[in-house]
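*Asks:* Provided below are the primary sequence and the corresponding predicted coordinates.
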Amino acid sequence: MGKIIAVASQKGGVGKTITALNLGHCMSRFGSKVMLIDGDPQGAMGITSNLSKQTELGLMNLLKNTAKPEEIVFTTKEKSMSVVWLGSIQPADVLLLEDEARNGTFGMLIQSLTEDYDYVIIDSPSGVGGIPASLLSISDGVIMTINCRAISLKTIPLFLKLIKSIKDQHNPKLTLEGVLITMFDSRSAMEKQILEEIKKSLPGDVFFKTMIPYSEYYEKASLYSVPIAMMPKGVQAARPYFELALELKERELMVEKEEVSDEDIVGLF
Ligand SMILES: Nc1ncnc2c1ncn2[C@@H]1O[C@H](COP(=O)(O)OP(=O)(O)O)[C@@H](O)[C@H]1O
Ligand SMILES: [Mg+2]
């Protein structure tokens, strides 16, 4: 089964969807088989990836038994990346979804789709409610995105408490992959000051070294419904997300290395 990573945060508008899409895409360019899952009833990933123009079907239909798995998983132009969304949902569906999230069915359903993938990246809705909690309950790792605004700084403690309580009560394997600073405007003195405050609030190694700069290119790529690297000359602009993909991989390798014992290292064959 693939490694499941949720991109999550307490606050909205802090780059979760853009991160899930671009990180997933960069990982697929590096050779991993990636599934992107839109776990947000607002369907931002479905829209940002153009999937909403391809189909009305999604996880909600699987929950209601009105579609089969093969009818909701869509391979993108980038053959090693697929996308699934909740589908075109009605307000009443959200109540059903919240119930199914609380009783664990929604999470199990997502897990049942992940078999053939190296990485499953979930775009979580904002907040600490039942849907984000259910997504964290089935994830191996979580990337918390944050921008350098005062309100974001204040949301960190509550969200970390949510991660800890889910780890303690439901999902011992859940690991904080890292905190990712997004939309950083290095020309803003205010953002630099808040960045310092954010960095002081947590141990240094919790943060990814990579920071995602503010760039209108991201908004433009959203308009075209593609990851940035698929835009003309986009590979250069997507560099921070390629670096994030490498850093994530590097962090995984470091953990694996610590688990190797001396007997395991005698001879390459
Ligand atoms: N690095 C960035 N620079 C500029 N705009 C960005 C950047 N990342 C995201 N955005 C834009 O900010 C808005 C919110 O981002 P989004 O990923 O949807 O946040 P969330 O999923 O946390 O609500 C979107 O319009 C998106 O295009
Ligand atoms: Mg979003």
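*Replies:* Yep, that arrived. Numbering: from 1, shown residues only. Ligands and ions are numbered 1, 2, ... in the order given.
*Asks:* alpha carbons only for contacts and neighbour counts from here, please
*Replies:* Fine.
*Asks:* can you name the residues that contact residue 25?
*Replies:* 34, 78, 81, 227, 229 (C-alpha atoms under 8 Å, 6 or more residues apart in numbering).
*Asks:* buried members of these into PyMOL, please.
*Replies:* A single PyMOL command selects the buried members of the contacts of residue 25 (16 or more other C-alpha atoms under 10 Å):
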select buried, resi 34+81+227+229
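*Asks:* out of the contacts of residue 25, list just those in strands.
*Replies:* Among the contacts of residue 25, the residues falling in strands (DSSP state E) are 34, 81.
*Asks:* closest one of the contacts of residue 25 to ligand 1?
*Replies:* residue 227 (10.7 Å; C-alpha to the nearest ligand atom).
*Asks:* quick one: the closest residue to the closest one other than its chain neighbours from residue 171, how far?
*Replies:* What sits nearest to residue 227 in space, not counting adjacent residues and going by C-alpha to C-alpha, 6 or more residues apart in numbering, is residue 22, at 5.3 Å. Residue 22 sits 27 Å away from residue 171, taking C-alpha to C-alpha, to the nearest Å as the criterion.
*Asks:* which of those two has more neighbours?
*Replies:* Neighbours were counted for residue 22 and for residue 171 using other C-alpha atoms under 10 Å; residue 22 has more, 24 against 17.
*Asks:* around ligand 1, which positions in this structure sit nearby?
*Replies:* 12-18, 182-183, 212-216, 218-219, 222 (C-alpha under 6 Å from any ligand atom).
*Asks:* among these, which ones are buried?
*Replies:* Among the residues of the chain next to ligand 1, those classed as buried by 16+ other C-alpha under 10 Å are 14-18, 182-183, 212, 218, 222.
*Asks:* which of those fall in helices?
*Replies:* Among these, DSSP state H puts 16-18, 218, 222 in helices.
*Asks:* sorry, back to before: can you put the buried ones among the residues of the chain next to ligand 1 in TSV and add pLDDT?
*Replies:* What follows is these, written out as TSV (pLDDT from 0 to 100):
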residue	pLDDT
14	96
15	96
16	97
17	97
18	97
182	97
183	97
212	98
218	91
222	90
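*Asks:* ok so, going back, name all residues that make contact with the residue nearest to residue 227.
*Replies:* Contact partners of residue 22, counting by C-alpha under 8 Å, 6+ apart, are 227-229, 238, 241.
*Asks:* and what of residue 94?
*Replies:* residue 41.
*Asks:* remind me which helix or strand it belongs to.
*Replies:* In the assignment (DSSP states H and E), residue 94 maps to helix 91-102.
*Asks:* ramachandran angles for residue 144?
*Replies:* phi -100, psi 120 (degrees, to the nearest 10).
*Asks:* scratch that, residue 146 is what I was asking about
*Replies:* The phi/psi pair for residue 146 (degrees, to the nearest 10) is phi -150, psi 140.
*Asks:* which residue ranges of the protein form helices?
*Replies:* 16-29, 44-48, 51-54, 59-63, 69-72, 91-102, 105-111, 130-137, 150-169, 189-201, 216-223, 234-237, 239-258.
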